[in-house]
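# Fold the following for me, if possible:
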Amino acid sequence: MSSKSKKDSFIIQGSILAMAGILVRVIGLIYRIPLNRILGDVGLGYYGTAFEFYNVLILLSSQSMPLAVSKIVSEKLEKKEYKNAHKVFKGALFYGGFIGLAFGLFLFFGADFIAGVYKQPPIAIALRVLAPTLTIACILGVVRGYFQGMGNMVPTAVSQIFEQIVNAVVSVIAAYELGAYGYTLSKIASEQKVLKGSYAAAGGTLGTLSGALIALIFMFFIVYVNRNYFRKKMKKDRTGVQDSYGQITKVILLTITPVLFSTTIYNIGNLLDNPIYQNIMSSIFHVSETTNSAAWGVYSGYYRLLTTMPIAIASSLSTAIVPSLVRSYIAKDKLVVKRKVMLAQKFSMLIAFPCGMGLSVLGGPINSLLFGEKVEYTSIIMIFSIFTVVAFSLSTISNAILQGIDKLNVPIRNSAISLGIHIIFLLILLLVFRLGIYAVVIGDFTFAMTVAVLNSFSIKKYLGYKQEVHYTLVCPFVCSAIMGIFCLVFYKLGMMILPSNFIWTVLSILIAVVIYAVSLVFTKTITEDELYSIPKGNQIVRILKKFRLLK
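Okay, the predicted model is just below:
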């Protein structure tokens, strides 16, 4: 393996996290099939709305924890301040526990008020079930961030898999049982549908709580197993630098606060979209609450569920690149920093383009295969997948790059500008063009693309790095377009010969993977040196050389 490949170990760590993320998403996709059917359109709407608000509280409380803690820890480790790195961990645990408890109490006691704001009183039960999860998630984020700061993504990856497995099992069982219980609470047909959806949604959220608890127990077990390793590291500390807990707390706050604002503004669009959409559709266009909830359920339960799978890979690379960039940036190695920026963006796009294209051309068949029912909005919505996946992947990775080079306030500014444009654009699409749920979809990816463009200018300004276009954007798009055309034609011809959605959807996906991989190598979009940077890269190179696809 070349020296460059060794320097790109963050790609390997990011790939480990990405593979775990894919597995987590696959598990999530599998269990959402029975869960969505148990919930029904109305219950799915309640479930989606409850999670929209919960996700914002997660943003405000814990989502920035892993990144912020990993950034501070990696800085201390680069300076060989091992004792201070462990102090950061203990100080962040206290901070995370306090914040998590405060947010958990707010959600539990404010559930009825929040449900009223959304004009969906039945979601209050689901919100209360989610409340304790906030406390657990904050502490969990700190522990994951500690290991990530050391450049070790494996504990986070394994804990995510355990978390999702427990989540899947408990969600389906609890949704079924509680949904059946809710149905028996009334003899009026209209109330039965609402109560069943409400209690089934609460059952689904119970899985989230259970999964987070198991993940936290696992992470503390890993901390306990590695206690002697931590002690040995601290004994090697010869710096003589001893930060007080007051100094540590100040550093935590100064790091978490801008990351928190950036993450919140970047993700708050979906929280705002829901009440804006619900209120305009019900108050101005007089669409019923159940119809609105069903439309939102399709958007959140099908479209966003599928499009967030490839976006999660960009998030995994973002998680891995921050501590890696921090170390190179502190060492003032500009060439290595620029190379890491290029690789992170390129690998993110190599995944985003084919996944987005695949969902765009096969969105209808994939949804039919997974969820069975013919959904009015889904097939048309899925066409926009290519834009959503690419825009959010690029904006996610560019946010992480700016945070990794210590420009924590820049993503806040860029996301705030984009959010303002997004809200105005969404209102125009809803009120003037009357696009309904499609307005939310279009507004979604235009927001992310605006963030990505602004971030690109900022990266050029602060790093002197000009966006590499040919191999990062053009080639992956061309390869994915070739893949998409072959994939769609193959599916259409297959359905004409033998009408079986299952057979031709699965075969089309498999053929798409092969065509895209061959296209990447044939167009020299990915090099041999870059292949060595990913897990099992040696084996991949040997296979390609065996078939003479690589010299």
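# From now on I want contacts and neighbour counts done on CA atoms only, so please keep to that.
Fine.
# Give me the distance between the spatially most central residue of the chain and residue 332.
Central residue of the chain (CA atoms, centre = their mean): residue 312, 4.1 Å from the mean position. Separation of residue 312 from residue 332 (CA to CA, to the nearest Å) stands at 30 Å.
# okay, and for the chain, where does confidence drop off?
1-11, 186-187, 189-190, 373-377, 533-537, 547-551 (pLDDT under 70).
# and the top helix by length along it, how far from the chain's centre?
Longest helix in the chain, counting residues (DSSP state H): helix 9-58. Remark: helix 9-58 is offset 9 Å from the chain centroid, using CA atoms, centre = their mean, to the nearest Å.
# Check stretch 125-140 too.
Distance of stretch 125-140 from its chain centroid, counting by CA atoms, centre = their mean, is 18 Å.
# before we move on, back to that, which secondary structure elements does the longest helix of the chain contact?
On a contact count with 3 or more CA pairs under 8 Å, 6 or more residues apart in numbering; DSSP states H and E, helix 9-58 meets helix 124-149, helix 154-183, helix 189-225, helix 245-279, helix 289-298, helix 304-330, helix 334-371.
# now do 7 Å
Contact partners of helix 9-58 among helices and strands, from 3 or more CA pairs under 7 Å, 6 or more residues apart in numbering; DSSP states H and E: helix 124-149, helix 154-183, helix 189-225, helix 245-279, helix 289-298, helix 304-330.
# tell me what the fifth one is packed against?
Using 3+ CA pairs under 7 Å, 6+ apart as the contact test, the elements touching helix 289-298 are helix 9-58.
# Helix 289-298 and the helix it packs on, what's the angle between them?
Per axes from the mean of the first three to the mean of the last three CA atoms, to 10 degrees, the angle that helix 9-58 makes with helix 289-298 is 170 degrees.
# outside of the helix or strand just after helix 9-58, which residues touch it?
Where DSSP states H and E defines the elements, the next helix or strand beyond helix 9-58 is helix 65-78. By CA atoms under 7 Å, 6 or more residues apart in numbering, the residues outside helix 65-78 that reach it are 82, 84-85, 88, 141-142, 144-146, 148-150, 255-256, 259, 319, 322-323, 326-327.
# rewinding a little: the residue nearest to the centre of the chain reaches residue 23, doesn't it?
No: in this structure, residue 312 is not within contact of residue 23 by CA atoms under 7 Å, at 10.9 Å.
# Quick check: the residue nearest to residue 336 when sequence neighbours are not counted vs residue 153, distance?
Using CA to CA, 6 or more residues apart in numbering and skipping the chain neighbours, the partner closest in space to residue 336 is residue 328 (6.7 Å). Per CA to CA, residue 328 is found 18 Å from residue 153.
# Could you do residue 431 as well?
From residue 431 to residue 153 the distance is 46 Å (CA to CA).
# who has more neighbours, the two?
residue 153 (26 against 15; other CA atoms under 10 Å).
# distance of the more buried one from residue 448?
Taken as CA to CA, the span from residue 153 to residue 448 is 26 Å.
# before we move on, what about residue 235?
Note on residue 235: its distance to residue 448, by CA to CA, is 46 Å.
# What of residue 176?
Where residue 448 is concerned, residue 176 sits at a distance of 36 Å (CA to CA).
# Could you check which of the two is surrounded by more residues?
Of the pair residue 176 and residue 448, residue 448 is the one with more neighbours under other CA under 10 Å, namely 27 against 23.
# where's that one, which helix or strand?
Secondary structure (DSSP H and E) places residue 448 in helix 437-463.
# Tally up the residues packed near the residue lying closest to residue 281 once chain neighbours are set aside, please.
Leaving aside its sequence neighbours, residue 281 sits nearest to residue 287 (CA to CA, 6+ apart; 5.5 Å). Neighbour count of residue 287, defined by other CA under 10 Å: 14.
# Please apply the same query to residue 470.
Count around residue 470 with other CA under 10 Å applied: 11.
# So what touches stretch 429-446?
Contacts of stretch 429-446 (CA under 7 Å, 6+ apart): 273, 295, 381, 387, 388, 391, 422, 425, 426.
# List the contacts of the residue nearest to the centre of the chain.
Here residue 312 is in contact with residue 21 (CA under 7 Å, 6+ apart).
# at 8 Å what do you get?
Residues counted as contacts of residue 312 (CA atoms under 8 Å, 6 or more residues apart in numbering) are 18, 21, 22.
# Can you flag the buried ones in those residues?
For the contacts of residue 312, a burial check counting by 16 or more other CA atoms under 10 Å picks out 18, 21, 22.
# ok, the first one to residue 320 distance?
Residue 18 sits at a distance of 10 Å from residue 320 (criterion: CA to CA).
# for the last one, same thing?
The span separating residue 22 from residue 320 equals 16 Å under the rule CA to CA.
# Hmm, residue 356 is touching residue 387, no?
Yes: in this structure, residue 356 is within contact of residue 387 by CA atoms under 8 Å, at 7.2 Å.
# before we move on, back to that, give the buried residues for the helix holding residue 448.
Buried residues in helix 437-463, counted by 16+ other CA under 10 Å: 437-456, 458-459.
# ok, residue 31 touching residue 170?
No: Residue 31 sits out of contact with residue 170 when judged by CA under 8 Å, with a separation of 10.0 Å.
# Settle it for me: which of the two has more neighbours?
With neighbours defined as other CA under 10 Å, residue 31 and residue 170 compare such that residue 170 has more, 21 against 18.
# Excluding residues flanking it in the chain, which one is nearest the more buried one?
Closest residue in space to residue 170, ignoring its immediate chain neighbours: residue 207 at 4.6 Å, by CA to CA, 6+ apart.
# Show the contacting residues for that neighbour.
Contacts of residue 207 by CA under 8 Å, 6+ apart are 166, 167, 168, 169, 170, 171, 172, 174.
# Next up, phi/psi of residue 408, please.
Here the main-chain torsion angles of residue 408 (degrees, to the nearest 10) amount to phi -70, psi -30.
# What is the burial count for it?
So residue 408, with other CA under 10 Å, has 23 neighbours.
# what's the distance between it and residue 70?
With CA to CA as the criterion, residue 408 and residue 70 are 14 Å apart.
# So what touches stretch 241-256?
The contact list for stretch 241-256 (CA under 8 Å, 6+ apart) reads 64-65, 68-69, 72, 81, 83-84, 87-88, 91-92, 408.
# Pick out the most distant pair among these.
Spanning the widest gap among the contacts of stretch 241-256 are 83 and 408, at 25.1 Å by CA to CA.
# circling back: which two among the contacts of stretch 429-446 are spaced furthest apart?
295 and 391 (23.3 Å).
# thought residue 310 was touching residue 354?
No: contact criterion CA under 8 Å: residue 310 and residue 354 do not qualify, at 9.4 Å.
# okay, these two: which has more neighbours?
A direct count of neighbours by other CA under 10 Å for residue 310 and residue 354 places residue 354 higher, at 28 against 25.
# Give me the spatial nearest neighbour of the more buried one, chain neighbours excluded.
Nearest one to residue 354, counting by CA to CA, 6+ apart, is residue 480 at 4.7 Å.
# ok now do the one you found, which residues does it touch?
353, 354, 357, 516.
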